[in-house]
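> this one's sequence-less:
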């Protein structure tokens, strides 16, 4: 059993960005660590330091909700890029219209992988808990549709991860209710580091869970007044990679 701890801090003021490790130094280590990046937590695997969770602060704090987007990065302790989860705003809007409820949609991108994994909120049924569909493809090209479902009547942000083919639970993402910043413990028997990173990034997105839903509701009010035009960065998530640009 692999045990992963995702510990998100209450504030962005911490040792990873002050003192010796200044932001300029972090930026020089990885081009993925952009100027607006803010480290918000650390990750441990089996009680050993694994890396840091960061997000694009300036992008998330934009006043216009159509320009505000969740963009989270996972870095090693040496600031090596390990993966990203980005909100696909176009899909979020489309799913919200269909589901008639705020429905965030994300894409997960991992270095060395040609596959882009999607995590999208499913249409909630009567009295059902919140759930997301992770469309995952392993290194052998095998499709693995995975359901990430909030535990019914559970305290905190607790999620059960189920392989829909086998109907077996393959992981748990358990939140700590008394942690102000946000802390999640992931337990899994799956021996696939890309799968671990995907769940780590999903856990990181939960920090923005309520605020992002509120943002989508704000966007839906705008839609009633005028048509929506996506920004260039949002359109990039829809581009056909086979077309020369």
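That came in fine, so what should we check first? All figures in this text were calculated on a predicted structure; none of them were measured in a lab.

> can you tell me what sits against the lengthiest helix in the chain?
In terms of residue count, the longest helix belonging to the chain (DSSP state H) is helix 209-223. For helix 209-223, the external contacting residues (CB atoms under 8 Å, 6 or more residues apart in numbering) are 65-66, 68, 70, 87, 92-93, 96-97, 102-104, 157, 205, 228. (C-beta placed from N, C-alpha, C; glycine too.)

> any buried residues in that helix, and which?
Neighbour counts over helix 209-223 (16 or more other CB atoms under 10 Å) mark 212-213, 215-216, 219-220 as buried.

> dump these to a markdown table, plus pLDDT.
Below are these laid out as a markdown table (pLDDT from 0 to 100):
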| residue | pLDDT |
| --- | --- |
| 212 | 95 |
| 213 | 94 |
| 215 | 96 |
| 216 | 96 |
| 219 | 92 |
| 220 | 91 |
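
> out of those residues, flag the one nearest to residue 125.
residue 213 (17.8 Å; CB to CB).

> quick one: the closest one from residue 161, how far?
21 Å (CB to CB, to the nearest Å).

> ok but residue 120 is inside a strand, no?
Yes: when DSSP: H, G, I helix; E, B strand; the rest coil is applied, residue 120 is found to be in a strand.

> where does the spatially closest residue to it that is not a sequence neighbour land on pLDDT?
In space, and not counting its chain neighbours, residue 120 is closest to residue 105: 4.3 Å by CB to CB, 6 or more residues apart in numbering. Residue 105 carries a pLDDT score of 97 in this model.

> number the chain from 59, please
With 59 as the first residue, the last one maps to residue 163.

> residue 88 reaches residue 133, doesn't it?
Yes: using CB atoms under 8 Å, residue 88 is in contact with residue 133, at 6.6 Å.

> joint contacts of the two?
What both residue 88 and residue 133 touch, as defined by CB under 8 Å, 6+ apart, is the set residue 139.

> quick one: which of those two has more around it?
residue 133 (24 against 17; other CB atoms under 10 Å).

> for the strand or helix carrying that one, buried residues please.
Element membership of residue 133 [criterion: DSSP states H and E] is strand 129-134. Buried residues in strand 129-134, defined by neighbour count with 16+ other CB under 10 Å: 129-133.

> stretch 241-251 too?
Under 16+ other CB under 10 Å, the buried positions of stretch 241-251 are 241-244, 246, 248.
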